[in-house]
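1. kindly return the folded structure for what I paste below:
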Amino acid sequence: MINTLKPFLQEMWEKSGFQSATAIQEAAIPAILEGKDVIAESPTGTGKTLAYLLPLLDQIDPNLPALQAVVLASSQELVMQIFQEYQKWSEHSGIRGTSIIGGANLKRQLEKLKKRPHVIFATPGRLLELIKQKKVKMHEVKLLVLDEGDQLLLSEHLNAVKQIVKSTMRTCQVVLFSATFKEQTEQLAKEMTKDAQIIRIRKDEVATKGTVEHIYFLSERRDKIKLLEKIARLEQSKTLAFMNDIGELQVLKEKLKFKELSVGILHSEMPKIDRQAILKAFRDGNIKMLIATDVAARGLDIHGITHVVHIDLPKDLQQYIHRSGRTGRMGADGIVISLVTEREERELKKYCRELNISLHKRVFYMGKIVDEKQRIRK
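-> Reported below is the predicted structural model:
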């Protein structure tokens, strides 16, 4: 299937050292190349970005000075991550691309648009603003991609996304990708597409040798910070922790900083430059733990995360899946840790039963995570 793509993509595939395409790539690339609308659901870490980026780049005509494809994502970080992948895979192809995100300098973005990009990577609000100002003309767009589609179809983005879809020609191909689609979201996706091919990749179809252990610590709410401190001190760890409340996030950061721990925070209300700096520090290994809200961390592919921590219990099954999927990617091992009160413990056990996941209670002993029985024996 990769052999049918343009030479520059085949070369990059070889250079990247991939042995074979993943299940989602095998299913989605031919469907997109055939011009079908697609609604694709596949677990995190299974190569969804390349599943749409490769056929997108394959179909761009670099000799045509027109906007031919648009990729939408829900957060600035995710847009920039996809844009970096595009830069890597479009090398020496003559394909021009640009990123358009909220919070960035509008004047600079308008300058970029004057260079007539073939592909735009954007957050919905800012793109719609530019469409309304007639700075972006959508009538020539042949392919529109919604990455993390379930997030883009939530109420905060839905109206903008609908207007963007409406601004394209009826012949425009629309594809949506996500790790999970709720029934209601899938229905919205179907309304935005024409006879879409539904692709579902189950967890057991994902070729990965990595094992992910799901464990939990029982704690009073006020004591969760003590556990987090111990997790932050684990050797050889790179931890992504999740909280629901932005206000609490800032307080927690100050408390952990006071303990001289290598911790950073990420949330949607931070200035763009600060968000980029903290993500770079985490990616480069300069900080060991990143505490984030779901919106800020959604869809981010950060290599080598060893632990995912649910400081606050996820509000539903989907959130548990998305967060937990940040570790154990592409064959690596990982540990998912939930910090729960007695009431939350019941809910967590229910999630794991529904997901058919083995869940184990753990305690700390001499700075290490151990089974309760082990501690008693010692």
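2. for the stretch 251-378 of the chain, give me the ranges with low pLDDT.
-> Applying pLDDT under 70 to the stretch 251-378 of the chain flags the ranges 296-297, 299, 330-331, 374-378.
3. from residue 161, how far off is residue 333?
-> Separation of residue 333 from residue 161 (C-beta to C-beta, to the nearest Å) stands at 37 Å. To be clear about C-beta, it is placed using only N, CA and C from the backbone, and glycine gets the same treatment.
4. give me the neighbour count for residue 125.
-> Using other C-beta atoms under 10 Å, residue 125 has 16 neighbouring residues.
5. you'd agree it is up against residue 104?
-> No. Using C-beta atoms under 8 Å, residue 125 makes no contact with residue 104, being 11.7 Å away.
6. returning to that earlier point: who has more neighbours, residue 333 and residue 161?
-> residue 161 (24 against 12).
7. identify the residues contacting the helix or strand harbouring the more buried one?
-> Secondary-structure assignment from DSSP states H and E places residue 161 in helix 155-166. Applying C-beta atoms under 8 Å, 6 or more residues apart in numbering, the external contacts of helix 155-166 come out as 70, 72, 74, 124-125, 127-128, 131, 138, 144, 146, 151-153, 174, 188, 192.
8. would you map the strands across the stretch 101-250 of the chain?
-> Assigned by DSSP state E, counting those that start in this stretch, the stretch 101-250 of the chain shows strands spanning 119-122, 143-147, 173-178, 197-200, 212-218, 239-242.
9. need these in CSV with distance to residue 318, mean pLDDT and mean neighbour count, can you?
-> Formatted as CSV, the strands of the stretch 101-250 of the chain follow (distance: least, C-beta to C-beta, whole Å; pLDDT from 0 to 100; neighbours: other C-beta atoms under 10 Å):
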stretch, distance to residue 318, mean pLDDT, mean neighbour count
strand 119-122, 24, 98, 26
strand 143-147, 16, 97, 25
strand 173-178, 9, 97, 25
strand 197-200, 15, 96, 15
strand 212-218, 16, 94, 19
strand 239-242, 13, 95, 24
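10. do you know which of these lies nearest residue 354?
-> strand 212-218 (12.7 Å; C-beta to C-beta).
11. elements contacting the closest one?
-> Packing partners of strand 212-218 (3 or more C-beta pairs under 8 Å, 6 or more residues apart in numbering; DSSP states H and E): strand 334-340, helix 342-354, strand 359-361.
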